[in-house]
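Engineer: could you work out the structure for the sequence below:
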Amino acid sequence: MSAIGAHVDSADPLSAAAANGAEAIQFFLSDPQGWKEPVAHPHAAAIRASGLTVYIHAPYRLNLATTNNRIRIPSRKLLAQHARAAAQIGARGLIVHGGHLNAEDDPAVGVQNWRKAFARAQDEGGFGLPVLIENTAGGTNAVARHLDRIARLWDAIGEYEPGFCLDTCHAHAGGEQLAGIVERVLAITGRIDLVHANDSRDDFDSGADRHATFGTGQIDPSAIAMVCAEAGSDVIVETPAEGQRADIDFLRAKVGAPTG
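Structural biologist: Sure thing, here's the model as predicted:
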């Protein structure tokens, strides 16, 4: 059965999971806006022994697609560091945003930069766990905002069998209709490893990445539940902490996952 859980604070993820009745947790291993290498989590042994399904989210600063080597090369290094640390904690996958380019850059360069990152990792023995590329909400020259761009990316990196994380808020705000999106994504990637189930504070195609508790934003909660049901993958809610328990309970009632 698929596990349903939440993105939680990294300081005490097990207590947060218990409070939410979560079967799965996602958290950061370092400052999401920083460049520091992750250190061993103080609760790593307890997390591994907990039986929870664990996902790690890479820092937002990573941009594997950029033509700026002062960002791309540190991003490639930090991705490898986080992959190693995530594997050590028993994570099922490492989520990373698709990245973006400047307006004048050729999108083909961005996808080739991603290919180089996977090729380099393979030459060095692999990442040690699945790297799940997540669709993003904004950016006119983003690598993974629209499905046609994601298809172009998968043409370049598909042979390395990357994973995919489908975010409902990002799809809505990025201009992709949720109706039928699972089928459209699967036709491109062949897989959906994780769903980020989020309402959106902003309108369709707004480009704004601002999550909301179910029923308080612009997406019908039943549409979010339908995506989760059709994907058949693990689900993480990244909604505000105070509403996560209700969001998880809603999805369990709709999707039929076991009670936490």
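
Engineer: tell me the pLDDT at A212?
Structural biologist: A212 is assigned 98 on the pLDDT scale.

Engineer: just want the phi and psi numbers for it.
Structural biologist: phi -140, psi 150 (degrees, to the nearest 10).

Engineer: let me see the ranges of the strands in this protein.
Structural biologist: Under the criterion DSSP state E, the chain contains strands at 4-7, 24-27, 53-57, 93-97, 131-134, 163-167, 194-196, 199-200, 211-212, 234-237.

Engineer: which among the ones you listed is found nearest to R152?
Structural biologist: strand 131-134 (12.5 Å; Cβ to Cβ). C-betas here are computed from N, CA, C, even on glycine.

Engineer: so what touches stretch 99-117?
Structural biologist: 62-67, 72, 75-76, 79, 136, 139-144, 149, 152-153, 155-157, 160 (Cβ atoms under 8 Å, 6 or more residues apart in numbering).

Engineer: and it, end to end?
Structural biologist: End-to-end span of stretch 99-117 (Cα to Cα, to the nearest Å): 13 Å.

Engineer: pull out the buried residues from it.
Structural biologist: 99-101, 107, 110-111, 113-115, 117 (16 or more other Cβ atoms under 10 Å).

Engineer: returning to what we had before: filter the contacts of stretch 99-117 down to the buried ones.
Structural biologist: 62-66, 72, 75-76, 79, 136, 139, 141-144, 149, 152-153, 156-157, 160.

Engineer: where in this protein is pLDDT low?
Structural biologist: In the predicted model, the chain carries pLDDT under 70 at residues 1, 257-260.

Engineer: all helices for it, in order.
Structural biologist: Using DSSP state H, the helices of the chain run over 13-20, 44-49, 69-88, 107-123, 147-157, 168-174, 181-189, 221-231, 244-255.

Engineer: ok now stretch 38-48, how far from the chain's centre?
Structural biologist: Chain-centre distance of stretch 38-48: 21 Å, with Cα atoms, centre = their mean, to the nearest Å.

Engineer: what does that stretch rub up against?
Structural biologist: 10, 12-14, 29-30, 54, 81-82, 85, 88-90.

Engineer: mind doing that once more with 10 Å?
Structural biologist: With Cβ atoms under 10 Å, 6 or more residues apart in numbering as the test, stretch 38-48 has contacts from 10-15, 17, 25, 27-31, 49-50, 52, 54, 56, 58-59, 78, 81-82, 84-86, 88-91.

Engineer: mind giving me the ChimeraX select for the residues you listed, buried ones only?
Structural biologist: Selection of buried members from the contacts of stretch 38-48 for ChimeraX, criterion 16+ other Cβ under 10 Å:
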select :10,13,14,17,25,27,28,29,30,50,52,54,56,58,59,78,81,82,85,86,88,89,90,91
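
Engineer: one step back: export the buried residues of stretch 99-117 to JSON lines and tack on distance to G180?
Structural biologist: Output for those, formatted as JSON lines (distance: Cβ to Cβ, whole Å):
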{"residue": "G99", "distance to G180": "26"}
{"residue": "H100", "distance to G180": "25"}
{"residue": "L101", "distance to G180": "28"}
{"residue": "P107", "distance to G180": "24"}
{"residue": "G110", "distance to G180": "26"}
{"residue": "V111", "distance to G180": "24"}
{"residue": "N113", "distance to G180": "30"}
{"residue": "W114", "distance to G180": "26"}
{"residue": "R115", "distance to G180": "28"}
{"residue": "A117", "distance to G180": "31"}
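
Engineer: of these, which is the nearest to C228?
Structural biologist: G99 (25.5 Å).
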